[in-house]
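Undergrad: Quick one, fold the following:
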Amino acid sequence: MSSLSASELSTLAESIKAWGKELGFQQVGICDVDLSEHEGRLQQWLDKGFAGEMAYMSDHGMKRARPDELLPGTIRVISVRMDYLPPDAKFAHNLKNKEQAYISRYSLGRDYHKLLRARLKKLGEKIRTECADLNFRPFVDSAPVLEHAIAEKAGIGWTGKHSLTINKEAGSWFFLGELFVDIPLPIDQAIQENCGDCTACITICPTQAIVEPYVVDAKRCISYLTIEQKGAIPEEYRPLIGNRVYGCDDCQLICPWNRYANITDEHDFHPRATLQGKDLLVLFTWDEVTFLKNTEGSAIRRIGFERWQRNIAVGLGNAPYSAAIIDSLNKALVHASPLVAEHIHWALQQQTAGQPKTSSRLTQRLIRSVEKGLPRDA
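TA: You can find the predicted model right below:
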C-alpha cells in the first residue's frame, strides 16, 4: 500500500493524466476494481454461446470482471484512450466499390497492441518515479479484461448499443488500454449512457449480429467471422460479408456520435498503401511471402495466410461478375488448402450465377455468321 497522503495521491492523479497526454493518449481516467455488476451479464452472454470459438472468453471464469484476481494487489485501473482515425479515411468509397477489399479501419496501420502497451509501460515507469513501491502491469487486448466496462467507469465514455465505447467529443474511433496499479488514486466519475432511442447500429449490421441493445452474438459478427473464425465461414453469412475481408466498421460508420471523431496524431495509424483501396484480385494474387511482408507489424498478420485467402475468396464471390475473377479463382484451386478451396468453389458458383447471359438474338446472329462463313463481327 502506498504511503502517499490523500493530497499527494490527488496531485499524482493529475500528473498521471498530464503524463498520459504527453505520451500520446487523448484521455486518461481512473476507476476502482469493482466490476461485479457486469458479472451476471458476462455469464449470461457466455451461457448463450455468443462467444463462438473464442474459448479464451470463458477460460478465465469471472477473472475478466475481477482485476484484482488477474493481478493480485490491484486496487485501481488507469484507462486510456488513443484516437486512430486518419485523414482521408475513404470509408464509403471502399465499401461501395465491390471490386475492392474493405479492411477495417483500425488494422490498416501499425498493430496498435504493441504501440499502446509500450506507452502504458512508460506511464507506469513515470508513476514509479513518484511512488517507488508501485506495482503495475499494462494491458491492451492481451488478457481477460473488461476494457469497455472499465473505460465507462473511468469516465472515458459509455458503452454503446454495439458494445463499443463512445465518447461525446471523440465518437468511437479510438483504442483502449489499461494500466493496473496498486495505489489508492482518487477515481473519476462514470459516464452515463447517451445512445438514447437511436438504434442505427442495430439496423445497419449486415448480419444482424447485435441481437439486442448492448448484446452482440459474435458468431454472426463479420469481424468475428473474418478474424476469429478458424474454420469455414458459414454459407448463410458469406453473401452478407460483401467485400469486407478483415473486420467490419458498419456499426461505427452509422453512429451519429462519430461526426465528432478526431483525426489521429499518430502517423503509425495512417493506412498503408499496400492495404488501402486495393482490388480483391490484387490481394488474391499474393503468395504467403508477400502476405507476410505486406502485413509485417500489422494486426492482420494474426489471421495467417490461409484465412486471408479464405476471406478474399468470399469477397471475390460477392464481386460483380468478371471473367478475370473466375480465371484467378480457378488458378488458385491448384495449390489451395481444403479450407480455401471450399470458399473458392463457393465463389465460383456465385460468379457463374452472376454471369451475364448472351441474348438469344445475338446468339442466333453468331450461329448464322459461322454457318455462312462470315466474320464473327459482321
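Undergrad: residues near residue 296, how many?
TA: 12 (other C-beta atoms under 10 Å). All C-beta spots, glycine's among them, are computed from the backbone N, C-alpha and C.
Undergrad: swap that for residue 156, please
TA: 27.
Undergrad: That one: what's it in contact with?
TA: Contact analysis of residue 156 by C-beta atoms under 8 Å, 6 or more residues apart in numbering lists 27, 29, 79-81, 165, 167, 176, 191.
Undergrad: Just the element for it, please.
TA: Under the criterion DSSP states H and E, no helix or strand holds residue 156.
Undergrad: How is this structure partitioned into domains?
TA: The record's domain parsing of the chain by automatic domain parsing lists 6-85+108-181, 279-378.
Undergrad: quick one on the thing from earlier: in the contacts of residue 156, find the pair that's most separated.
TA: The span of these, defined through C-beta to C-beta, is set by 80 and 191 at 14.8 Å.
Undergrad: on that earlier part again, which of the contacts of residue 156 fall in strands?
TA: Those of those mapping onto strands are 27, 29, 79-81, 165, 176, per DSSP state E.
Undergrad: Looking only at neighbour counts, state which of residue 80 and residue 191 leads.
TA: More crowded of residue 80 and residue 191, by other C-beta under 10 Å: residue 80, with 30 against 20.
Undergrad: Please name the bridge partners of the more buried one.
TA: According to DSSP bridges, the residues that bridge with residue 80 are residue 28, residue 177.
Undergrad: cool, and the one 5 residues further on?
TA: According to DSSP bridges, residue 263 are recorded as the beta-bridge partners of residue 85.
Undergrad: contacting residues for it?
TA: Contacts of residue 85 by C-beta under 8 Å, 6+ apart are 105, 171, 173, 261-264.
Undergrad: For residue 140, give me its contacts.
TA: Counted by C-beta under 8 Å, 6+ apart, residue 140 has contacts 112-113, 116-117, 120, 175-178.
Undergrad: so which strand or helix has residue 179?
TA: In this structure, residue 179 sits in strand 174-181 according to DSSP H and E.
Undergrad: Give me the next element, helix or strand, following that strand.
TA: Next in sequence after strand 174-181, counting helices and strands by DSSP H and E, comes helix 200-204.
Undergrad: Of all the residues in that next one, which ones are buried?
TA: 200-202 (16 or more other C-beta atoms under 10 Å).
Undergrad: Would you point out which residue is most central in the chain?
TA: The C-alpha lying nearest the average C-alpha coordinate of the chain belongs to residue 247 (C-alpha atoms, centre = their mean; 5.3 Å).
Undergrad: Once you drop chain neighbours, what's closest to that one?
TA: residue 104 (2.7 Å; C-beta to C-beta, 6 or more residues apart in numbering).
Undergrad: Ok, residue 167 next?
TA: Residue nearest to residue 167 in three dimensions, not counting chain neighbours: residue 157, with 3.8 Å by C-beta to C-beta, 6+ apart.
Undergrad: wait, doesn't the one you found sit right on residue 191?
TA: Yes: Residue 157 is in contact with residue 191 according to C-beta atoms under 8 Å; the separation is 5.6 Å.
Undergrad: Quick one: residues in contact with stretch 209-218.
TA: 45, 48, 50-52, 54, 159-163, 195, 199, 201-202, 220-222, 224, 228, 251.
Undergrad: returning to that earlier point: need the domains of the chain in CSV with distance to residue 211 and mean pLDDT, can you?
TA: Converted to CSV, these look like this (distance: least, C-beta to C-beta, whole Å; pLDDT from 0 to 100):
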stretch, distance to residue 211, mean pLDDT
domain 6-85+108-181, 8, 95
domain 279-378, 23, 85
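Undergrad: Next, format these as CSV and append distance to residue 216.
TA: Shown next, in CSV, are those (distance: least, C-beta to C-beta, whole Å):
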stretch, distance to residue 216
domain 6-85+108-181, 5
domain 279-378, 19
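Undergrad: of those, which approaches residue 206 most closely?
TA: So among those, domain 279-378 is nearest, using C-beta to C-beta, at 11.1 Å.
Undergrad: Check the offset of that closest one from the chain's centre.
TA: Centre-to-centre, domain 279-378 and its host chain are 27 Å apart (C-alpha atoms, centre = their mean, to the nearest Å).
Undergrad: ok so, going back, distance of the residue nearest to residue 247 from residue 79?
TA: Per C-beta to C-beta, to the nearest Å, residue 104 is found 22 Å from residue 79.
Undergrad: cool, residue 113 as well?
TA: To residue 79, residue 113 is 16 Å away according to C-beta to C-beta.
Undergrad: contacts for stretch 316-327?
TA: Stretch 316-327 has contacts (C-beta under 8 Å, 6+ apart) with 98-99, 238-239, 241-243, 280-281, 284, 328-329, 343, 346-352, 354-356.
Undergrad: what comes up buried for that stretch?
TA: Under the neighbour-count criterion of 16+ other C-beta under 10 Å, stretch 316-327 has 316-319, 322, 325-326 buried.
Undergrad: can you give me the strands for the chain?
TA: Using DSSP E, the strands of the chain run over 27-31, 76-83, 102-103, 136-139, 158-159, 165-166, 174-181, 210-212, 215-216, 244-246.
Undergrad: Partner strands of the last one, with direction?
TA: So the one you mean is strand 244-246. strand 102-103 (parallel).
Undergrad: quick one: average confidence on the partner strand?
TA: In this model, strand 102-103 has a mean pLDDT of 96.
Undergrad: Please give the centre-to-centre distance between it and its chain.
TA: So, by C-alpha atoms, centre = their mean, the centroid of strand 102-103 is 11 Å from its chain's centroid.
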